[in-house]
Structures are given as structure tokens and as C-alpha cells.
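Participant: Turn this into a model:
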Amino acid sequence: MTEQGAAIVVKPGTVGLDDLARVLVGAPVVLDPSFWPRVEAAAEIVAKAAHAAAPVYGINTGFGKLASKRIPPDQTALLQRNLIVSHCCGVGPATPEPIVRLMMALKIVSLGRGASGVRREVIEQLQAMLAQDVYPLVPQQGSVGASGDLAPLAHMTAVMIGEGQAIVDGKTVSGREALAVAGLAPLTLGPKEGLALINGTQFSTAYAVSGVLRAFCLARAALVTGALSVDAAMASTAPFRPEIQALRGHAGQIAAAATLTALLDGSDIRLSHLEGDERVQDPYCLRCQPQVAGAALDLITQAARTLIVEANAVTDNPLVLVETGEIISGGNFHAEPVAFAADTIALALSEIGAISERRIATLVDPALNFGLPPFLTPDPGINSGFMIAEVTAAALYAENKQRAAACSIDSTPTSANQEDHVSMAAHAARRLSDMADNLAAILGIELLVAAQGITLRAPHATSAPLAAVIAALREHVPALAADRYMAGDLAKAAALIEADALPAVAIAALPTDPFPRLD
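Facilitator: Residues are numbered from 1 along each chain as shown. The predicted model follows:
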């Protein structure tokens, strides 16, 4: 993608994660003009097929189990309109606007490949809606991830034709009113266009892309909170030595260990117990961080690669092969790759939270925290300190563990057994938002607890980058003395985690950036 004024110019096939991240925060998109000739050529092939004698699925026939029904040329517009309104069967809360925005952008990218047979006007309608901040109200539930995200994408398409509902300036209005406010007219869909718009994985992919971006941000933050916990527990850094990681060879493990080593380098706390420490080995939650965090990084990276391919894919049906003039039915709408990627991200989110929660538990337990007071309060007994903050972390981790069960293996037949195996990608991807919220809160609690532990190690001090992180936290949350209302502290710490603030603060205190990148 390249930026053109306020919009990003998309070149289907080359869209990257950074581009999609910009869409999530508000950038509209337009198709690169070099793709219009192929879009128009595919639309011309469909227009001819609509008037031909031979049946072509979705163009002059019914849909799904009704594919054997022939539709005369004068009813193709009604066919497409009926397809959209009949498929608007979503339920549940509205999809957040950033996800809707990304879903629309992904549909532009897919249609822009010139294999869907839609007219230029269809893509331009989506572009104009994005530019004018017209976001369809899309209920979150109702897709099984094949034949694409039918219900969610139907709700998106309904607004394009003046049906359904949309969000404009924070208010819910009819689709027709939303278009009028933006100076747009309802679109009359031509042959195959409704099918091209609702077939596809863009709803699931939008949620999954958001999920993988958040997961990577949280994995980076977990390296910072994990390093803080190492110093708070006066644990050893020897398990992070590069020779150990090289002997196993996993890229994520090597990267995680290098980050932990850089963050802890120069810690006076570490130097203070190099000799005379009777402990032989630390608990796994401290010692095995490279192995666990690294494995999570590898899963997130692999999922990101899958989702970049999917973001650039043509996933409707049938597809138009411009070179041969053929219209071929296939199965690109099946969202199994997205479901697998989302399941993978869920595993990573759950395990990052699992090991973080164990570090929190270690630090508040006087039997394990190597000389720190119970629950990290200077005056235990009259004060409970971080006792219930640890319980909250355990509760959130338990939720994430339950949500991490694979969705992709839970197929159920639909549409009179025509769609007899489905991916469940939609809710596989949708749950990632709640899981990421939970993990941010867990890591926020670890930030508070580890910072408190390091403070209690005075006069020994932590490393420069970790001291900078604690100073940034203290701008929002003071160290805990007597008990106080804790919910606000937890919210502020979670916000710092979500903002990716911890790595940025640490990097500023280091000569080079030691954090892994999502390339």
C-alpha cells in the first residue's frame, strides 16, 4: 500500500500487516488504478454469462441448495437484492467499528484482484463509505465460516444498497439514511455482485488480524513484565544465555532470551546475589520464559503469515478467470486457514497469561519470593496488599484457558447438508478480542506486582531499562504502601500494556532495540 492524501492506495497481493494496522486506526483505502482494467474485464465476462443460455452458479441460478433453479435475466437484480436481505440474519452485539472498517478494506482488496466479476461501482461504493465514515452495523454472531462469513457480510452489503443499519457519528440510522448523509446513492447490484460481496472470509480475517496484532504487542509486553519479575524474585539470568537457546534452535526462543538478557543487563539486584544464594534453580515460570514466550512468538508469527496471505486472497465463489473467460465454482470461501490461525493465536494468548499468572503467584507468596513480605505489602496483616490482584489474574487466566479450546474442529453441517463441513473461523477469531483484554489485565497485574517487588529490594536497583519502565508506571500508579482502592491501579497498568508503552520506554534506555519484530 501507498498513501494518497488521507487514503491508502491498496495493491491487492502486496498488502502487509502494517497497512492493515493503519486501517484499524482509521485510514480509508482506495484501489490502485492499475487494477481497474482487470476488474472491468471480469465484470464483462459475468455480464455476458448472465444473458447466456448455459447455467452459471450464482449468476443465473439460485444459491446453495437452490442452485438448480434458473433465474431469467430480468430478475438478476432482484435475485441479488433478495440474497442480501435474506442473509441479514446476524444476532448479538454490534461489531466494533475498527473491525468493520478492516472488513470493508479487506473486501476491497479481494474484489480488486479482478476475479470476482463485480463492476467498478461496487468497489467505489465501499471506498466512499470508508472515506465518509459510514460503517454498517454488523451483528457479531451468525457465521460458521463457510460459505464465507455470509451473515456479517450481508449486513455490510445491505447498507451499500440502502437496506440494513449503519453507524454514523455514533448514531444508529437506516442504511438509506446513512448513504444520504454521506451524499451517496443506494447501489443496484448486478449479476453475481451480491454473491461476491457476501461470499468470503473478510469478517473472520478482520477479527483475526486484529487479534494477531494485539497478541504480538502483548507478547512483547510480557517480555518486559517477565524481566521485571526475574529481578523482583532475585532469580538467575543464566538460563537466558544464548548458548542454551542455540542448542535448541527455535527462532522465538532465541529472540525472547536475547530480549530478556538485554533488559536485565546491568541490574544491581542480579549482581547482589551472584554468590551465596542457596537456591539451585528457579521455578519454571521464571527460568523457562524463553521456551514459553518464544514458542508463543513462533505461533503468532506463523499465524500472521497465514493471515497476510488470506488478507490478499480472493475468497468468493464462483471465480472469474479473466485469461480464459471461464467462471469456475470452487471453495475459496472456506475459512479453515483463518480458523487454524485464530486457534493458534488463542493458544499463544492463553499460555502467555498462564506463565505470567504463575510469576505473579510466586512474587506474592512468602514461601517462594525469596525474602519479600507476604503479598508485597510493607505491613502485612492489617494490609492485604496484592492478595486479590493475584486472584483476579488467576480468574482471567482461567477464562482464557477455557476460551483457548480449538474452534476449528467443531464443524456442523448447514444449509440442508450442502455446506456439510464448516470452519467456525468467525467465533475462533472473535474470541481473540476478549482473550487479549484478559491478557492485558494479567500483564498489568504482573507489572504492578513486579515493580512493587523491585522497590522492596532497595537499596539494590534494577537495570536502567527496567528502572525506566517502573518510572513510567509510577507516573500513573504510585507504589503500594497502605491498602487502597485497587481497581483503578489495575486499569491504568492494563492501559500501559495495551498501548505498547513498556517496550518503547525500555528501548529508549538501551543502545539498540532488542525486541522481536513481526515481519
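
Participant: In the stretch 1-150 of the chain, where is pLDDT below threshold?
Facilitator: 1-5, 65 (pLDDT under 70).

Participant: What residue, apart from its backbone neighbours, is nearest the residue nearest in space to the middle of the chain spatially?
Facilitator: Note on the chain: the residue nearest the mean C-alpha position is G211, at 1.4 Å, using CA atoms, centre = their mean. Spatial nearest neighbour of G211, chain neighbours left out: L432 (3.1 Å); criterion: CB to CB, 6 or more residues apart in numbering. C-beta: built from backbone N, CA, C; applies to glycine.

Participant: Secondary structure class of the residue of the chain positioned farthest from its centre, three-state.
Facilitator: The centre of the chain is farthest from one residue, G276, which by CA atoms, centre = their mean lies 46.1 Å away. Three-state assignment for G276 (DSSP: H, G, I helix; E, B strand; the rest coil): coil.

Participant: so how far is I454 from it?
Facilitator: 20 Å (CB to CB, to the nearest Å).

Participant: Tell me which stretches of the stretch 201-350 of the chain form strands.
Facilitator: Along the stretch 201-350 of the chain, the stretches classed as strands by DSSP state E, counting those that start in this stretch are 319-321, 326-328.

Participant: again, but for the chain
Facilitator: Taking DSSP state E to define them, one finds strands in the chain at 2-4, 7-10, 29-31, 91-94, 135-136, 139-141, 165-168, 171-174, 319-321, 326-328.

Participant: Turn the ones you listed into a markdown table, columns for mean neighbour count and distance to S411.
Facilitator: Output for these, formatted as a markdown table (neighbours: other CB atoms under 10 Å; distance: least, CB to CB, whole Å):
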| stretch | mean neighbour count | distance to S411 |
| --- | --- | --- |
| strand 2-4 | 11 | 40 |
| strand 7-10 | 19 | 33 |
| strand 29-31 | 24 | 33 |
| strand 91-94 | 12 | 20 |
| strand 135-136 | 26 | 28 |
| strand 139-141 | 18 | 17 |
| strand 165-168 | 22 | 31 |
| strand 171-174 | 14 | 34 |
| strand 319-321 | 21 | 24 |
| strand 326-328 | 16 | 25 |
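
Participant: Would you format those strands as CSV with distance to D489 included?
Facilitator: What follows is the strands of the chain, written out as CSV (distance: least, CB to CB, whole Å):
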stretch, distance to D489
strand 2-4, 39
strand 7-10, 38
strand 29-31, 39
strand 91-94, 28
strand 135-136, 34
strand 139-141, 31
strand 165-168, 33
strand 171-174, 35
strand 319-321, 54
strand 326-328, 59
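
Participant: quick one: which of the ones you listed is nearest I507?
Facilitator: Between I507 and the strands of the chain, the shortest separation by CB to CB is 25.5 Å, and it involves strand 2-4.

Participant: got a list of what the residue nearest to G211 touches?
Facilitator: Going by CB atoms under 8 Å, 6 or more residues apart in numbering, L432 touches Y207, A208, S210, G211, R214, A215, A342, I345, A346, L349.

Participant: I'd say the second one and V338 touch.
Facilitator: Yes - A208 is in contact with V338 according to CB atoms under 8 Å; the separation is 5.4 Å.

Participant: quick one: the residue nearest to the centre of the chain and F375, what's the gap?
Facilitator: Distance, G211 to F375, by CB to CB: 33 Å.

Participant: Quote the end-to-end distance of stretch 276-283.
Facilitator: 18 Å (CA to CA, to the nearest Å).

Participant: which residues sit against it?
Facilitator: A233, M234, A235, S236, P239, R287, R358, T362, L368, F370.

Participant: Narrow these to those in helices?
Facilitator: Residues of the contacts of stretch 276-283 located in helices (DSSP state H): R287, R358, T362.

Participant: Restrict those residues to the buried ones and give me that as a PyMOL selection.
Facilitator: Restricted to buried positions by 16 or more other CB atoms under 10 Å, the PyMOL selection for the ones in helices among the contacts of stretch 276-283 reads:
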select buried, resi 287+358+362
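
Participant: gap between the spatially closest residue to R457 that is not a sequence neighbour and A227?
Facilitator: Of all residues not flanking R457 in the chain, I269 sits nearest, at 5.4 Å (CB to CB, 6+ apart). Taking CB to CB as the measure, I269 falls 11 Å from A227.

Participant: The two - which one has more neighbours?
Facilitator: A227 (28 against 22; other CB atoms under 10 Å).

Participant: follow-up on the earlier one: now for the residue nearest to the centre of the chain: which residues touch it?
Facilitator: G211 neighbours (CB under 8 Å, 6+ apart): A342, I345, A429, L432, S433, M435, A436.

Participant: Now that we have the residues you listed, can you turn them into CSV and tack on pLDDT?
Facilitator: Output for the contacts of G211, formatted as CSV (pLDDT from 0 to 100):
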residue, pLDDT
A342, 98
I345, 98
A429, 98
L432, 98
S433, 98
M435, 98
A436, 98
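
Participant: which residue sits closest to E97 in space, ignoring its chain neighbours?
Facilitator: Y135 (5.0 Å).

Participant: typo on my end, it should be P373
Facilitator: Per CB to CB, 6+ apart, closest to P373 is P380, 5.4 Å.

Participant: what do you get for E121?
Facilitator: Leaving aside its chain neighbours, E121 sits nearest to L187 (6.5 Å; criterion: CB to CB, 6+ apart).

Participant: Contacts only, for the one you found.
Facilitator: E121, V122, Q125, M160, I161, G162.

Participant: make it 6 Å
Facilitator: L187 is in contact with Q125, M160, I161, counting by CB atoms under 6 Å, 6 or more residues apart in numbering.

Participant: May I ask you to confirm that the second one is in contact with E124?
Facilitator: No - taking contact to mean CB atoms under 6 Å, the distance of 10.5 Å between M160 and E124 leaves them out of contact.

Participant: higher neighbour count, the two?
Facilitator: M160 (28 against 16).

Participant: pLDDT score assigned to the more buried one?
Facilitator: Turning to M160, the model gives it a pLDDT of 98.

Participant: Ok, the one 4 residues further on next?
Facilitator: At G164, the model reports a pLDDT of 98.

Participant: what about it, neighbour count?
Facilitator: 23.

Participant: didn't it look like it was pressed against T157?
Facilitator: No - contact criterion CB under 6 Å: G164 and T157 do not qualify, at 8.1 Å.

Participant: Cool, thanks, talk later.
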